[in-house]
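> Model the structure of this input:
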Amino acid sequence: MSQVLVAALYKFVSLPDFQRLKAALQACCEDNGVMGTLLLAAEGINGTIAGPEEGIRAVLAYLRSDARFADLEHKESWADEMPFHRMKVRLKKEIVTLGVDGVDPTQKVGEYVKPQDWNNLISDPDVVVVDTRNDYEYAIGTFRGALDPKTKSFRDFPKWAENSTALANKPKVAMFCTGGIRCEKATAYMLDLGFEDVYHLEGGILKYLETVPEDESLWDGQCFVFDQRVSVGHGLEPGEYDMCHACRMPLSVEEKASPDYVKGVSCPKCIDAIDEEKRARFANRQRQMELAKARGTTHLGTAPKKKFSSTA
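This next block holds a predicted model:
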């Protein structure tokens, strides 16, 4: 059995004192052998952490001891190895960056749709289904019939929404993203634009893949995740994709077979953007990582204070 528990979490909630929470939360994670990234802002918390099960449970209990996080929900999966190199608690203006002032999911959002009800909603011909993730995420998996806004970052979404001909007549709109946070904020923005029938997948793709049986699923492909697992499939089992450590893009088995793929140095997606100086630097970094792995040490980041087994 995998020994590393991964927990993805977020909550939009008013946190006027978010700066004061950083140090104690960082210490709690480090003391419990937990790594990953947690973002704090005036609008709430967002992030993914991983570690020994007892460590993750302790951090979640610590968060929920604050009344504002008492009903904090999270999504769990298991990994064979620690997917993060360090623990970071960061202070941000937004826990997910839309870049539009005044959008406040603590005041209004679209209608939540449970994973078990999602298929019925997106099968309605009067509903426009929108993938609020980025183009490289859409490329490796999405819901059948979903629109691709072709965004490079979430900041690009407002411009697409304002100009999309598919949304011109303000139809019913069903939105989704990886864990629920982007589509939740996007629904608040859509309501500000004057849309009335706006829905979003509660818990995101991850909760859908966790709870909806594969033989009933309308999901095609795999779901990109922002850690070293790169992708997950139904049941949140680790997927077949790897990551190019030069451009951070997901790579299929076929792309890794390309002559343009050199582990840690380049891939078919970035080969034209990697000059000789970068190639030499990336190659040296890869050698150092492989040497560190052979020695049983960590090249990037720091080891957790509490040791645990990552043996499957």
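
> Start and end of stretch 153-165, how far apart?
This stretch, stretch 153-165, spans 20 Å end to end (CA to CA, to the nearest Å).

> next one: it to chain centre, how far?
19 Å (CA atoms, centre = their mean, to the nearest Å).

> Assign a three-state SS to G36, would you?
For G36, the assignment made with DSSP: H, G, I helix; E, B strand; the rest coil gives strand.

> Give me the nearest residue to it, chain neighbours excluded.
I49 (3.5 Å; CB to CB, 6 or more residues apart in numbering). Just so you know, the C-beta spots here come from the backbone N, C-alpha and C atoms, and that holds for glycine as well.

> shouldn't that neighbour be in contact with E30?
No. If you go by CB atoms under 8 Å, I49 and E30 don't touch, sitting 11.2 Å apart.

> any residues in contact with both of the two?
M87 (CB atoms under 8 Å, 6 or more residues apart in numbering).

> So for these two, which sits in the more crowded spot?
I49 (26 against 18; other CB atoms under 10 Å).

> Can you name the residues bridging to that one?
On the basis of DSSP bridges, I49 is bridged to A7, G36.

> low pLDDT regions in this structure?
1-2, 297-312 (pLDDT under 70).

> any chance you could map the helices in this structure?
18-31, 53-64, 115-122, 135-140, 157-163, 181-192, 204-211, 253-256, 276-295 (DSSP state H).

> closest one to Q222 among those?
Closest to Q222 of the helices of the chain, according to CB to CB: helix 135-140, at 5.4 Å.

> Distance from the closest one to the middle of the chain?
Averaging C-alpha positions (CA atoms, centre = their mean) puts helix 135-140 13 Å from its chain's average.

> Show me what counts as buried in that helix.
E137, Y138, I140 (16 or more other CB atoms under 10 Å).

> There's contact between the first one and R182 in this structure, I believe.
No. At 10.1 Å, E137 and R182 do not qualify as touching, with contact defined as CB under 8 Å.

> From what I see, G194 and K170 are in contact.
Yes. Between G194 and K170 there is a contact under CB under 8 Å: 6.6 Å.

> Can you give me the end-to-end span of stretch 64-74?
Across stretch 64-74, first to last residue, CA to CA, it's 11 Å.

> Give the burial count for P259, as a bare number.
P259: 7 neighbours (other CB under 10 Å).

> And it, how far from N284?
P259 sits 21 Å away from N284, going by CB to CB, to the nearest Å.

> same thing with E196?
For E196 relative to N284 (CB to CB), the value is 56 Å.

> just N119 next, same as before
49 Å.

> The two: who's more crowded?
Taking other CB under 10 Å, N119 and N284 do not tie; N119 has more neighbours (17 against 12).

> residues touching that one, list them.
V212, E216, L218.

> what's the closest of those residues to K293?
V212 (37.0 Å).

> Now do the contacts for the nearest residue to that closest one once chain neighbours are set aside.
Nearest residue to V212, sequence neighbours excluded (CB to CB, 6+ apart): P115, at 5.4 Å. Shown in contact with P115 (CB under 8 Å, 6+ apart): L201, E202, G203, K207, Y208, E210, T211, V212.
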